[in-house]
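[1] coordinates for the following, if possible.
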Amino acid sequence: MAHTEILINDRNSNAQNLLTITPLRVDFDRPGLCAGCDPVACIVEGKDLSGKNWRDILVNLTEHFISNKPQANELYTKSVYPNGERPFLLKDKPLLSARQISNGYWIYMNLGIKDLVFTIGKLCQFCDVNLSDIEITYTPKSIRTFDEVFVVPSDINNAQTIPEPVLSVLLNEYTNGFRFDSTSLRLLSRKTDFDIDEHMQSALKQQMFSRDDDIYFLFDLIASTETRKEIVDFADLLLAEYGCFELPELYRLYADRLNRKIIINADNFEKFYEQIGNPNVRCVAAPYIGNKIARFRKNANVWRNFEAIANKIIAVASDEFAGVISEDDLHAKFCAFSADLLAKIIERCADDRLIHTEINDIVCYQTLEALGLPENFSNTLSETLERLEELNLSPTEDVLHTALSLTLGVNFMADYNLPTQKIYRRLIDISYKGEPRRQWYGGVFMEVSI
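    Numbers count the residues shown, from 1 in each chain. Take a look at the predicted model:
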């Protein structure tokens, strides 16, 4: 794979140095990793479709597929997203950001990098291109440098400089780690000709990763400088977008780029991230559910973050997936969280707005608006309530359900896959457009005064 050279400034000299970085290949199951990054090259089925940015690549792919893939003819009438309603190619320019292609049609472009990469993957799949035949590579937009003395970023201004011979011996001869006991310290001192006194030991411990077994490792033995930077930068992006992220998921995203002999599990990774990451971030167990998350120290209300995430999930399901999003697509869109945690967030923060269901044996989440109710259901509901009033029957949950079932000729809750009374009440509430206003009180859909 080709390398990219990026100029960086050495903090200890006026000269510029070249840092050689190996571009990473896009993983379409984890599009969020591309956030804060620029594309380097795009090769699809042997064709070079590279561009200066992700929008260029999406345009280049579209132009190529229109000319070479019969399936692309359906882009004028269909979305590339599962269950999406808006055609991928638009005849008229949308209100928000868009790019016009050579045939005059428009591509909706009001998307962040993560969503652009996600869309690129879906476009390729729509045109029957195997994702294994796509090689899109990328690098971070910028590289934050670490001192040659391996100083932890958060401590870079106050840390004591460690002599190069000491670092060299630790890097080359202690790949299995270093234990700060008297025997090891004497041996290190003899090999380097430096007195490893208490001040030196303290400085080393601050600048090395320590596992729970009290074995210490230089950071470069765990991951490269660019990988460490990517982890920190991506975590910062997740914190900015969601206020938190799930630590085991961040570990899963980067596990194959870490030294697995050192970072053995998610607990090791948590300690590693705490040393290299944002010092204002705290790793905690989410209240009541236990999933391990990272959040800002001053932001103790995790469930407020989860409520905001639930609203984002509903918006994505509605706007991009026509109200029905599979568990896999949901996880791909919200890669900062596991499918398990996303399910818990939905259950606790959106169980009256999203329905957990299975479609063709695929776990999905469905908005109430996507249930397929009759177009005139609002009128049917109002007429049914009026009829119950004429009969002097109180519109309790059961009475109203029975009346609607008889009117529609189906078992209302069963036929429209309403799993709970809470979902049923919510559906009735949002569907009722009549006058006077009504709301549920004590199990009765009662009239209320304004």
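[2] make it CA atoms for all contacts and neighbour counts henceforth
    Noted.
[3] outline the domain layout of this structure.
    4-140, 153-222, 235-296, 302-370, 377-447 (automatic domain parsing).
[4] turn the ones you listed into JSON lines, columns for mean neighbour count, distance to residue 229 and mean pLDDT.
    Shown next, in JSON lines, are these (neighbours: other Cα atoms under 10 Å; distance: least, Cα to Cα, whole Å; pLDDT from 0 to 100):
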{"stretch": "domain 4-140", "mean neighbour count": "17", "distance to residue 229": "9", "mean pLDDT": "82"}
{"stretch": "domain 153-222", "mean neighbour count": "15", "distance to residue 229": "10", "mean pLDDT": "85"}
{"stretch": "domain 235-296", "mean neighbour count": "18", "distance to residue 229": "9", "mean pLDDT": "91"}
{"stretch": "domain 302-370", "mean neighbour count": "19", "distance to residue 229": "17", "mean pLDDT": "90"}
{"stretch": "domain 377-447", "mean neighbour count": "15", "distance to residue 229": "44", "mean pLDDT": "91"}
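[5] out of these, nearest to residue 228?
    Of all the domains of the chain, domain 235-296 sits nearest to residue 228, with 7.5 Å by Cα to Cα.
[6] any chance of a markdown table for the domains of the chain, columns distance to residue 228?
    Listed next are those as a markdown table, based on distance: least, Cα to Cα, whole Å:
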| stretch | distance to residue 228 |
| --- | --- |
| domain 4-140 | 12 |
| domain 153-222 | 9 |
| domain 235-296 | 7 |
| domain 302-370 | 17 |
| domain 377-447 | 45 |
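[7] quick one, strands of the stretch 201-350 of the chain?
    Here the stretch 201-350 of the chain has its strands, by DSSP state E, counting those that start in this stretch, at 208-210, 216-218, 244-246, 281-285, 292-296, 324-326.
[8] any chance of JSON lines for those, columns distance to residue 372?
    Converted to JSON lines, the strands of the stretch 201-350 of the chain look like this (distance: least, Cα to Cα, whole Å):
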{"stretch": "strand 208-210", "distance to residue 372": "55"}
{"stretch": "strand 216-218", "distance to residue 372": "58"}
{"stretch": "strand 244-246", "distance to residue 372": "34"}
{"stretch": "strand 281-285", "distance to residue 372": "39"}
{"stretch": "strand 292-296", "distance to residue 372": "37"}
{"stretch": "strand 324-326", "distance to residue 372": "11"}
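[9] centre of the chain to stretch 171-188, how far?
    Here stretch 171-188 is found 39 Å from its chain centre; the criterion is Cα atoms, centre = their mean, to the nearest Å.
[10] so who does residue 178 touch?
    Neighbour list for residue 178: 170, 184, 215, 216, 217 [criterion: Cα atoms under 8 Å, 6 or more residues apart in numbering].
[11] ok, so of those, who is nearest residue 241?
    Of the contacts of residue 178, the one sitting nearest to residue 241 (Cα to Cα) turns out to be residue 217, at 32.1 Å.
[12] bridged to the closest one, which residues?
    residue 209 (DSSP bridges).
[13] that one against residue 208, yeah?
    Yes. Applying Cα atoms under 8 Å as the test, residue 217 and residue 208 come out as touching, 5.4 Å apart.
[14] three-state assignment of residue 419?
    Following DSSP: H, G, I helix; E, B strand; the rest coil, we place residue 419 in the coil state.
[15] how near is it to residue 425?
    Separation of residue 419 from residue 425 (Cα to Cα, to the nearest Å): 11 Å.
[16] dump the contacts of residue 178 to a markdown table, plus distance to residue 269.
    A markdown table is the format used below for the contacts of residue 178 (distance: Cα to Cα, whole Å):
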| residue | distance to residue 269 |
| --- | --- |
| 170 | 21 |
| 184 | 26 |
| 215 | 15 |
| 216 | 14 |
| 217 | 13 |
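[17] out of those, what pair is the most spread apart?
    Largest pairwise distance in the contacts of residue 178, by Cα to Cα, is 13.7 Å, between 184 and 217.
[18] so how far is residue 379 from the residue nearest to residue 399 when sequence neighbours are not counted?
    Among residues not flanking residue 399 along the chain, residue 393 sits closest, at 7.9 Å (Cα to Cα, 6 or more residues apart in numbering). Look at residue 393 and residue 379: by Cα to Cα, they are 19 Å apart.
[19] do residue 323 as well
    22 Å.
[20] also residue 99?
    41 Å.
[21] could I get the full set of helices for the stretch 251-400 of the chain?
    Under the criterion DSSP state H, counting those that start in this stretch, helices of the stretch 251-400 of the chain are mapped to 266-276, 302-320, 327-333, 339-349, 377-390, 397-408.
[22] so which of the ones you listed gets nearest residue 240?
    Ranking these by proximity to residue 240 (Cα to Cα) places helix 302-320 first, at 11.2 Å.
[23] for the closest one, packing partners?
    Applying 3 or more Cα pairs under 8 Å, 6 or more residues apart in numbering; DSSP states H and E, one finds that helix 302-320 makes contact with helix 225-242, strand 324-326, helix 339-349, strand 362-367.
[24] mind doing that once more with 6 Å?
    Judged by 3 or more Cα pairs under 6 Å, 6 or more residues apart in numbering; DSSP states H and E, helix 302-320 is in contact with no other helix or strand.
[25] report the angle between that helix and strand 292-296.
    100 degrees (axes from the mean of the first three to the mean of the last three Cα atoms, to 10 degrees).
[26] ok now helix 302-320, how far from the chain's centre?
    For helix 302-320 - counting by Cα atoms, centre = their mean - the centre lies 12 Å from the chain centre.
[27] and for that helix, what's in contact with it?
    With contact meaning Cα atoms under 6 Å, 6 or more residues apart in numbering, helix 302-320 is reached by 84, 323, 324, 325, 349.
[28] what's the angle from it to helix 339-349?
    Interaxial angle, helix 302-320 versus helix 339-349 (the same axes, to 10 degrees): 100 degrees.
[29] with only the CA atoms kept, save helix 302-320 in CSV.
    Written as CSV, here are the backbone C-alpha positions of helix 302-320 (Å, rounded to 0.1, in the frame of the first residue of the first chain):
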residue,chain,number,x,y,z
VAL,A,302,-25.7,10.3,31.2
TRP,A,303,-29.4,9.7,30.6
ARG,A,304,-29.8,13.2,29.2
ASN,A,305,-27.2,12.3,26.6
PHE,A,306,-29.0,9.0,26.0
GLU,A,307,-32.3,10.9,25.4
ALA,A,308,-30.6,13.1,22.8
ILE,A,309,-29.1,10.0,21.2
ALA,A,310,-32.6,8.5,21.1
ASN,A,311,-33.9,11.6,19.3
LYS,A,312,-31.0,11.3,16.8
ILE,A,313,-31.9,7.6,16.2
ILE,A,314,-35.5,8.5,15.4
ALA,A,315,-34.5,11.3,13.1
VAL,A,316,-32.1,8.9,11.2
ALA,A,317,-34.8,6.2,11.0
SER,A,318,-37.3,8.7,9.7
ASP,A,319,-35.2,10.8,7.3
GLU,A,320,-32.9,8.2,5.8
